[in-house]
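>>> Need a 3D model of the sequence below.
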Amino acid sequence: MHRQDSQDSPFFGEEDDNFRLKKSNIRHPLASFFHLFFRTSAILVYLLCDVLSTRFIACMVTIILLLSCDFWTVKNVSGRLLVGLRWWNQVDEDGRSRWVFESRKSDGVNKTSSAESRVFWLGLTVCPIFWVIFFFSTIFSLNIKWLAVVIMGLVLQWANFYGYVRCKVGGKSSLRKMAKTYMSGQIFKQAMNETEKT
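From the prediction side, this is the model:
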């Protein structure tokens, strides 16, 4: 593994032209399946809990177990296999906590496929949005008994999302700097398109 080198895996729908034909299929189907299984199962159990069971505690425990399995699977397995990224928190001997962000070194052999990258980033970005919606619906409907479960879903899903975005852009890179670069690039593209039309 090589730290802070995040140029080898496609990001949020980008495709690597060199590997489009060779790597279009999913090389890690089990990791891809479980990357999506735990998070979608937690969402489905949350949505169908009143239909499936009248026992709140059983539903709550099931959702928390699914969220915990998802957090562990995404952080320790699917991130490493599907996109070549991983992150963790390390406590030094003097008690200071530091975050470590790593990405697979680009050596030509272990390139990630664009299909696996899309599965990973899609699952990582879409599911936390559901938990945000659940949070606001729980608040506005005054269904307070579900608030702890929804907050746990938010925290675990967004922690993985934040960790992997930091891995992708580099552990020391500022997310604000990345956003500015993206926006300035989009403005430049739009200006160039307007110039070409006239």
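>>> Please, where are all the helices along the chain?
Per DSSP state H, the chain carries helices over the ranges 29-52, 56-73, 114-140, 147-169, 175-197.
>>> Would you mind giving the ones you listed as TSV with distance to residue 83 and mean pLDDT added?
Placement of C-beta: from N, CA and C, glycine included. What follows is the helices of the chain, written out as TSV (distance: least, CB to CB, whole Å; pLDDT from 0 to 100):
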stretch	distance to residue 83	mean pLDDT
helix 29-52	10	88
helix 56-73	14	91
helix 114-140	5	89
helix 147-169	8	88
helix 175-197	17	65
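>>> Of all those helices, which one is nearest residue 104?
helix 147-169 (10.3 Å; CB to CB).
>>> Figure out which of the helices of the chain is closest to residue 98.
helix 147-169 (12.6 Å).
>>> neighbouring contacts of the closest one?
6, 9, 11, 39, 42, 46, 60, 63-64, 67-68, 70-71, 74-75, 79, 83, 85-87, 99, 101-103, 124-125, 127-128, 131-132, 134-135, 138-139, 173, 175, 178 (CB atoms under 8 Å, 6 or more residues apart in numbering).
>>> which among those end up buried?
6, 9, 39, 42, 46, 60, 63-64, 67, 70-71, 74-75, 79, 83, 85-87, 101-103, 124, 127-128, 131, 134-135, 138 (16 or more other CB atoms under 10 Å).
>>> which residues sit in contact with the residue most central in space within the chain?
Among the residues of the chain, residue 124 comes closest to the average C-alpha position under CA atoms, centre = their mean, at 2.7 Å. Going by CB under 8 Å, 6+ apart, residue 124 touches 74, 160-161, 164.
>>> and with 10 Å instead?
The contact partners of residue 124, by CB atoms under 10 Å, 6 or more residues apart in numbering, come to 12, 35-36, 39, 74, 78-79, 82-83, 157, 160-161, 163-165.
>>> any idea which of the residues you listed is the one closest to residue 27?
residue 82 (8.9 Å).
>>> ok, the closest one touching residue 121?
Yes: using CB atoms under 10 Å, residue 82 is in contact with residue 121, at 9.0 Å.
>>> more crowded one of these two?
residue 82 (27 against 22; other CB atoms under 10 Å).
>>> Check the gap between that one and residue 114 for me.
Distance of residue 82 to residue 114, computed by CB to CB, to the nearest Å: 11 Å.
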